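# Pasting a predicted model and its sequence here:
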Amino acid sequence: MKKEFKKDTEINNSFADKLDNLIQTKIDRKNFLKKIGTAYAVALAGPLIFNSCKESDEETFLDKLSIKWEKAPCRFCGVGCSAMVGVRDGKIVAIAGDRKSSVNKGLLCIKGYHLGEILYGEDRFHNALIRKNGKLVESPLEEALTLVASRFKESIAANGADSVAIYGSGQWTIQDGYSALKLMKGGIGTNNIEANARLCMASAVTGFMTTFGKDEPMGCYDDLDIGDVFVFWGNNMAETHPVLFSRIMENKRINPKVQLVDITVRQTRTSDSSDMVLYFNPQSDLAIANAIAREIVYNNRYNHSFVENHTFFKSGTTNIGFGLEGVAEPAITDKKNSFEQYKKSLDMYTLEYVQKISGVSAEKIQKLASYYADPNIKIVSLWCMGMNQHTRGTWINNLVYNIHLLTGKISQPGNGPFSLTGQPSACGTVREVGTLTHGLPAGRNVKNPEDRAFTENLWGIKSGTIPAKPSAHTIAMFRKLKDGKIKAIMIQTTNPMVTLPDRDKFLKGIQKNKPFIVVCDVYPTPTTEIADVVLPAAMWVERAGCFGNSERRTQQWNKMVEAPGDSHPDSWYNIEIGRRLGFGNLFPWKTEEEQAEGLYEEYRKFTIGVGKDIAPYKRLQKERGMRWPVVNGKETLWRYREGSDPYVHKGEGFSFYGNKILGNRAVIWERPYEAPPEVPDSEYPFWLCTGRVIEHWHTGSMTRRVEQIHKAMPHAYVELNKDDAKNLKIKNGDDVKLTSRRGSLVLPAMIDGRAKPKKGLVFVPFFDESLLINKLTLDAHCPISKQPDYKKCSVKVERG
Amino acid sequence: MIVSILLVQVPVGNEDSMRDNINNLGGVEVTESGNGYLVAATDSETSENDYKLIEEIKRLENIINVSLVMTADESCI
């Protein structure tokens, strides 16, 4: 029975009470929200609003408060909003949206407006910590650095270069990632470098590489302002990329013919704003994409000229496995296909068949196919984790590209596939610098002897230093760490003890084998809990740096405030540890400022002439970022199209020059629907899907330290379909026990909240380290991209 | 149900007239004002309507800047 709401009752922090109150007292709650919001706004701008002295119109807020303002890209997601950072007396005192930025046009999301506060959490690390007698103890920085270098040196001497590793992040600046890459591959001589971007966008990379031969989107955010139809493939853009979503909503307001189509497993804020919603069964997106292609091909609605002149057909190995530990997988190969073979492969994906697999009506699939096929409609496909965190992540990326290639709707304003990213420099650092086991800067690969030679020559190191064979992708790296095969690891700016799937398996192995673990971070996390050494990191505007966003835009910012205590940038640590390991010659820059510009400019040399030309550092200091390739001082909005991309020659029309060997053609792939490794059964009858909420960013290590955001979303919860909840006799706020084959977790129920899952599916956000959903997830991954699937495993649901 | 709090910048001296203009849009209420700034609270049934309302405010004459301070829906507390 629901409790009666009493205005003067004592505050009860339980989730159930909050929900009950919420449901029964909307008017009071609204007013409460308005009051706290207003109070916060007044706190931000109070001196301005209530200052009664007369000022001239020209005099601004800035002048009144003696605040120095500078631009910096947001620290959070991959959108790359530009923020104006207000500093007074050495501290960030205000944040505003940057009106000069064409990315966000003055707007920020709720996380962005709180950027300044993430620096000032009470438990911020100020000093190095060394584990002594089982406890992390504040220690002199020099002692910590000496210990790290000596343990790495000992391990390399005893067990070889592949016994040490570094695990970084899509939050690494370009300078951080480049220095780590140079240290590991050019100094130590191991390919044991990976980054958490493997967990969030590796399938996008392999999708781009297998289709276009070059990574990263061909389009840009301008597409959002001019497209006619926007298709969200498993992407809750309204919550996860709200500022970009607002651009689409503005387009829709101006242009009534704009249509939004949401392909989803749960009704979200994106669904609420969409004109057509396709609720699909998990994994059946593969079948839906093939059905759309079938409609286009079998009804002769494909773009004959584009397909004939700019595409190439291929098929690849099927039944490729799921990357499960101890399970042998087939070698993955591919072969040339013909259009007729491709057409035949689509034959089975009739509307009726796919309706049965996906649960989406034939009419809706047909209508969506007609949007893609109509030459008068400009269409943008958008996706993020829904397609990338998928045991067939590479395939579903390929299949969406197929649709755009069949219709020729690509590389043109308002027309194209667009892969969004979740971290501020997953593109700029991990993908472009190449901080993955196979990677070298600007799209080069360790397996290519010419790429290795070019890199070794530019770095001035001995030929043969860079190993020719990739070592371990992220999941394999942590499997080696738990098994005691990697003896020492440095983890920077990421939190794998929250983000790894089937987390406890890794934790138990690490606790048993006790590898030496160094963590560079700003706050205590479950990852620093297992560290032997913690190095305090300088974050965001406490140092200069560069990020690269989802639309190929490289952005630079200057140092604006001092970092606390002994904190330093990750790049500084890489250089200092490198010097102590005997690789000081690789890093000739002395001060942090010299390092920021020097590392960037050296990396920039790799990008010139290969279609990834980034702008000079000094130019970026003046700009709100520039989209590469930047040639003759001009950025590129749409790649691969004549007149827009300087790498496409006159008369070519389109040129997918990443695929030179295929005559500059993009690949249309034959990729079948295959079921995932774990599906609901009688014992574990529900799908579990995990993801994000608008308030928190990733594992919440920063946003949960911002009081306002933490209050808005204090804990994780489990979203249930209301019919499922009724059958299980579960009410809002009740404790619900989720159990998978790997673990159990008790969370409060949310029914008919901000999102509503399909029947038979539950959703849990992953930001809450105290309610750690990755104890239940499965470490199955796409065998091509090696990216885990956090969106699908099976669970049992019970009242807790 | 969505509530958003906005910080709206207008030319100094125009606060009262802009308060009326914003309040007249419906679904939004100016709660504080002074020195060229207003704090406004929206109250919409859906995210889409909320976005539309914010865009309508941005398009009013004499608006210099609109900053979203916070947004919350019925599952936020």
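Noted; the coordinates are in hand.
# Bridged to the residue of chain B found nearest chain A, which residues?
Among the residues of chain B, B:Ile5 lies nearest to chain A; the distance is 3.2 Å by Cβ to the nearest Cβ. Where C-beta positions appear, they are placed from N, C-alpha and C, glycine not excepted. Taking DSSP bridges as the rule, B:Ile5 bridges to B:Ala41, B:Met70.
# That one contacts B:Met70, doesn't it?
Yes. With the criterion set as Cβ atoms under 8 Å, B:Ile5 and B:Met70 qualify as a contacting pair; they are 5.0 Å apart.
# okay, these two: which has more neighbours?
Taking B:Ile5 and B:Met70 together and counting by other Cβ atoms under 10 Å in any protein chain shown, B:Ile5 has the greater number of neighbours (27 against 24).
# so A:Ile410, which of the three states?
Taken by DSSP: H, G, I helix; E, B strand; the rest coil, the conformation at A:Ile410 corresponds to coil.
# quick one, domains of chain A?
Taking automatic domain parsing as the reference, chain A has its domains at A:129-200+A:424-540+A:562-609, A:686-799.
# which stretch among those comes nearest chain B?
Proximity to chain B (Cβ to the nearest Cβ) singles out domain A:686-799 among those, at 3.7 Å.
# Now do the same contact list for A:Val400.
A:233, A:289, A:381, A:383, A:387, A:417 (Cβ atoms under 8 Å, 6 or more residues apart in numbering or on different chains).
# Would you confirm that the third one belongs to a strand?
Yes. Assessed by three-state DSSP, A:Ser381 belongs to a strand.
# mind checking how far the residue most central in space within chain B is from B:Asp50?
Nearest to the mean C-alpha position of chain B, counting by Cα atoms, centre = their mean, stands B:Ala40 at 3.9 Å. Applying Cβ to Cβ, to the nearest Å, the value for B:Ala40 to B:Asp50 is 12 Å.
# so after the helix or strand hosting A:Asn309, what's the next helix or strand?
With secondary structure defined by DSSP states H and E, A:Asn309 is part of helix A:304-310. Toward the C-terminal end, the helix or strand that comes next after helix A:304-310 (DSSP H and E) is strand A:311-316.
# and that following strand, what other elements does it pack with?
strand A:334-336, helix A:339-346, strand A:666-670 (3 or more Cβ pairs under 8 Å, 6 or more residues apart in numbering or on different chains; DSSP states H and E).
# neighbouring contacts of that strand?
Counting by Cβ under 8 Å, 6+ apart, the neighbours of strand A:311-316 from elsewhere in the structure are A:332-339, A:341-342, A:345, A:405, A:659, A:662-663, A:665-671.
# can we see that at 6 Å?
Strand A:311-316 is contacted from outside by A:334, A:337-339, A:342, A:405, A:662, A:665-670, using Cβ atoms under 6 Å, 6 or more residues apart in numbering or on different chains.
# Determine how far it lies from the middle of the whole chain.
Mean-position distance between strand A:311-316 and its chain equals 28 Å (Cα atoms, centre = their mean, to the nearest Å).
# Neighbouring strands - and their directions - for that strand?
Determined by DSSP bridges, the sheet partners of strand A:311-316 are strand A:334-336 (antiparallel), strand A:666-670 (parallel).
# As JSON lines, those strands with mean pLDDT would be great.
Putting those into JSON lines (pLDDT from 0 to 100) gives the following:
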{"stretch": "strand A:334-336", "mean pLDDT": "96"}
{"stretch": "strand A:666-670", "mean pLDDT": "98"}
